[in-house]
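**Q** I would like to see how this sequence folds:
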Amino acid sequence: MKIRIVTVSLFLISVLISATGNENFQIIDSRIFDPEGNEFIPKGVNVQGMKWVWPGDIVPQADKIIDAWNFNILRVNCKLYDGYWQGQNVSINAAYQTIESMQAIVDAFTPQKVVVMFEFHDFTGGYYTGDALDDLKDAYRKMADLWGDNPYVWFNIMNEPGGSGANIPTWINMHREVIEVIRDEKEANNVIVIDAHYWGQDIGEWNTNPVPEENSSILSAGNELINFNDKTYGNIMFSLHVYDQWNRGTIEQAEYRLHDYIGRVKEKGFALMIGEFGTNASEGSLYFETAFRATMKVAPAHGIGLIWWHWYGGDALKLTTTGNGNGGNINSSSNPTNLTWPGKMFWDYSNFQGNYPPFITIHQPLLNETLIEGSNLEVKMVAEDFDDGIKEVRLYKNSKLEGVYTEPPFNYNLPDVEAGRYNFKAIAVDNADNESVSTTISVNVRKSTTIGTILFITGSRKLSDSDNALFNELLGLGYNVVHKDQSEVELTDASNKIALIISSSVTNNSVGSMFLNSGVPVLIANPTFYPLMKMTGSLEGIDFGFLDEQTQGDVVSGEHPVTDNLEGIVELYAQPAGLGFGKPTTGAEILMTAVNGNPDNAILFVYPQNGSLVDMTAPAVRAGWYASADEDVLLTEQSLLIFGRLMEWLANYPVPADKINFNGDKPFDMFQNYPNPFSDHTTITYKLNTSGIATITIIDQIGAIREVLVNKFHTPGIHSVNFRPGNRYPGGIYFYRIELNNRYITKPLVIH
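**A** All right, here's what the predicted structure looks like:
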């Protein structure tokens, strides 16, 4: 039904425009219609005009602009005055020195129904005032005389008015004076385009919050440029520039913020375009990737046109990889292979035919957000499709369909959530049955009391099935987990962690060398890192490697805490996959080998602290843990049991094993300190089942006693002592030990 209403509405608009004989563009509500009554969505690029910094003539490139790139609008950058722009003399453009000289651009493009939109760039971040404003009005008088009867010439009054500080009254008054010249004095009905203030970005803030209406010139005062002087001025629209103020937070946050802003602008009945945006992720300045990707995804689904900055190349923003990055350097007019990655995205956009796919994102919770068990987990999605409308939104939790929504708000609520890792993916379907898939958002729910924090390093932000299973197991066991991918991890990330994991998905060798001398216990799940961490020799296939089509392991030592009560053949994978192995030095204890009769193919082995590695001693305990080259491999319950034990052993080493036979009742119990980790103070609680002199000590990682907290006679019962490290203890892992009658228990604690 919604499709029919939209279709009829567009048909009636077309009939209305044709019946009135109007040969101009018409802005009706938030949409633009060309002289034939067809909806017009700008797709174009910024080019050089009068006295502009980029030299040369744009006219000879008209065929590539129109036929290859399929652009339907040019934003022509002009200046009224000779001068300097970014240190360059801009009066040298011999092609366009006067307003009249730009007739060549109009003659080349507008007969082919390409809009030529002129704008003036003299006072970016400010305003034309005094004599300069008089000159600007004179310029538009001339332009109205020249092109007032050409509907394909638009007037974008000035570039990026107003910098820091909310100066909306000036934004209103300056534009009103120019509008009066064009509409009242010259009676020209060309489309007028007005850039938002705050350098065209309309925010004035650098955060992830929705755009405050009071900051936004368009939202708070757009109507004052359409309705004033007791009349309504038609064919006025607005332009947004998307750069650094929009490049905040995650891609999902940027998408939601732009979606929210565009929706609010449309609700007010204002037409909008993106007059400048772009990126080159290898360079800095204002050109940021997050804002660019969000714009490419959100704006088309809202029917908002995009104009790339810029055609000429020569700075950070390039469409092509050859020459200075000029858009005209394409090596094919149908399928160019020398586009930059953002150039390729924009090529696909400008040449796209048909209905636009819907937009969908999960904007709450954030990627890898951590909650406490028992919390309320709320998932919020937004979806948009301007040409067909949204038919439904499907939400998947851990790959299973969780809900189908046909009307907004698209929200899902999971109360009293249990500890674990939850993956959410949303699919939007429009009424033409086109689908779009959101980024998968993972949420970590940990127990209310944590054992400690583990650093988990993976190959990318998106976890493989096996990594996801390990992550989920850690959370369920009570660990807090910090996730870093290989491109963002730093050595300092290991500070205050009880252990770190290098996943089988990590491929960057610098990660191994980064943590070679780390004093934090390490689990390595990628055998190619064994030589880098000095755990094996470097001969691939002999000292380390993968065995194909494996599912099992053979337990060698069933007495170690990791493999306690396990013996013989153990199922490790749910389906055949690559099994990582290493040939460790004699300083290692081999716990499990491959099921192939080769004792050198160790798939699970550990090094104690100060154990003998290759050409060095282990600064902390290390473990080599079988890994799969197949990222979607499923681990068995036995694998997850072994993994949990391994992490407990790593996190508690060098906890001495209690080999005293208590012959029934234990003489004492030691509970985990709380809070842990901590910075100011923690409470250590212990229970004595017999009388005697009990000693509580703090021990560092090399086994030295740092402090005696308690050393006195106790009666049976529960006792506690507060430990305040102050500035005497650098952050890190320490241990506390209770000793009574030559028996002891040791547990770890972590100081932030």
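
**Q** where in the stretch 101-250 of the chain is pLDDT low?
**A** 165-166 (pLDDT under 70).

**Q** thought residue 746 was touching residue 705?
**A** No: counting by CB atoms under 8 Å, residue 746 does not reach residue 705; the two are 11.6 Å apart. No exception for glycine: its C-beta is placed from N, CA and C like everyone else's.

**Q** of those two, give the one with the bigger neighbour count.
**A** residue 746 (19 against 11; other CB atoms under 10 Å).

**Q** list the contacts for residue 675?
**A** Applying CB atoms under 8 Å, 6 or more residues apart in numbering to residue 675 gives the contacts 449, 682.

**Q** now with 10 Å?
**A** Applying CB atoms under 10 Å, 6 or more residues apart in numbering, we find residue 675 in contact with 449, 450, 681, 682, 683, 749, 750, 752.

**Q** what about the last one, neighbour count?
**A** For residue 752, the number of neighbouring residues by other CB under 10 Å comes to 13.

**Q** look at the residue lying closest to it once chain neighbours are set aside and report its pLDDT.
**A** Closest residue in space to residue 752, ignoring its immediate chain neighbours: residue 679 at 4.1 Å, by CB to CB, 6 or more residues apart in numbering. According to the prediction, residue 679 has pLDDT 83.

**Q** residue 679 touches residue 749, doesn't it?
**A** No: look at residue 679 against residue 749 with CB atoms under 10 Å: they stay out of range, at 11.6 Å.

**Q** ok, the two, which is more surrounded?
**A** residue 749 (22 against 12).

**Q** tell me the phi and psi of the more buried one?
**A** Per-residue torsions, residue 749: phi -140, psi 150 (degrees, to the nearest 10).

**Q** which parts of this protein are helices?
**A** Ranges of helices in the chain, per DSSP state H, are 2-19, 62-63, 103-109, 130-147, 168-180, 217-221, 251-267, 289-301, 341-350, 465-477, 509-514, 637-652.

**Q** what's the fourth one packed up against?
**A** Taking 3 or more CB pairs under 10 Å, 6 or more residues apart in numbering; DSSP states H and E as contact, the helices and strands that helix 130-147 lies on are helix 103-109, strand 115-120, strand 153-156, helix 168-180.

**Q** contacts for the last one?
**A** When contacts are defined by CB under 10 Å, 6+ apart, helix 168-180 is touched by residues 120, 123, 126-129, 133-134, 136-137, 139-140, 155, 157-158, 161-162, 167, 186, 192, 194-198, 214-218, 220-222, 224-226, 228-229, 233, 236.

**Q** can you turn the buried part of the residues you listed into a PyMOL selection?
**A** Typed into PyMOL, the line below selects the buried ones among the contacts of helix 168-180, using 16 or more other CB atoms under 10 Å:
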select buried, resi 120+123+127+128+133+136+137+139+140+155+157+158+161+162+167+186+192+194+195+196+197+198+215+216+217+218+220+221+222+224+225+226+233+236
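
**Q** ok, which pair from the contacts of residue 675 is furthest apart?
**A** Using CB to CB, those span at most 17.0 Å, a distance reached by 450 and 681.

**Q** the two: which has the busier surroundings?
**A** Regarding residue 450 and residue 681, a neighbour count based on other CB under 10 Å identifies residue 450 as having more, with 22 against 12.

**Q** what about stretch 595-605, average pLDDT?
**A** In this model, stretch 595-605 has an average pLDDT of 88.

**Q** stretch 360-375 now?
**A** 90.

**Q** again, but for stretch 26-40
**A** Mean predicted confidence for stretch 26-40 is 95.

**Q** list the buried residues of that stretch.
**A** Buried, per 16+ other CB under 10 Å, within stretch 26-40: 26, 27, 28, 30, 31, 32, 33, 34, 35, 37, 40.

**Q** is it true that the third one touches residue 271?
**A** When you say that, I think you mean residue 28. Yes: the pair formed by residue 28 and residue 271 meets the contact definition of CB under 10 Å, at 8.6 Å.

**Q** shared neighbours of those two, anything?
**A** residue 235.

**Q** quick one: residue 61 from residue 317, how far?
**A** 17 Å (CB to CB, to the nearest Å).

**Q** have a look at the two and say which one is more surrounded.
**A** residue 317 (26 against 18).

**Q** show me the contacts for residue 191.
**A** 24-27, 32, 40, 115, 117, 151-156, 234-237, 271.

**Q** let's go with 7 Å and repeat that
**A** Residues in contact with residue 191, defined by CB atoms under 7 Å, 6 or more residues apart in numbering, are 25, 27, 154, 235, 237.

**Q** from the residues you listed, which is closest to residue 325?
**A** Distance to residue 325 across those (CB to CB) is lowest for residue 154, with 26.3 Å.

**Q** and the closest one, how far from residue 97?
**A** Taking CB to CB as the measure, residue 154 falls 22 Å from residue 97.

**Q** ok, the two, which is more surrounded?
**A** Of the pair residue 154 and residue 97, residue 154 is the one with more neighbours under other CB under 10 Å, namely 24 against 14.

**Q** hey, what's that one bridged with?
**A** Residue 154 has these beta-bridge partners by DSSP bridges: residue 117.

**Q** thought it was touching residue 189?
**A** No: if you go by CB atoms under 7 Å, residue 154 and residue 189 don't touch, sitting 11.0 Å apart.

**Q** average pLDDT for stretch 722-739, rounded please.
**A** Mean predicted confidence for stretch 722-739 is 86.

**Q** run through who's touching it.
**A** Residues from elsewhere that reach stretch 722-739, judged by CB under 7 Å, 6+ apart: 495-496, 498, 655, 668, 670, 673, 680-684, 686, 694-701, 709, 744-752.

**Q** swap in stretch 319-328?
**A** 45, 61, 64, 69, 311-314, 318, 329-330, 338-340, 343.
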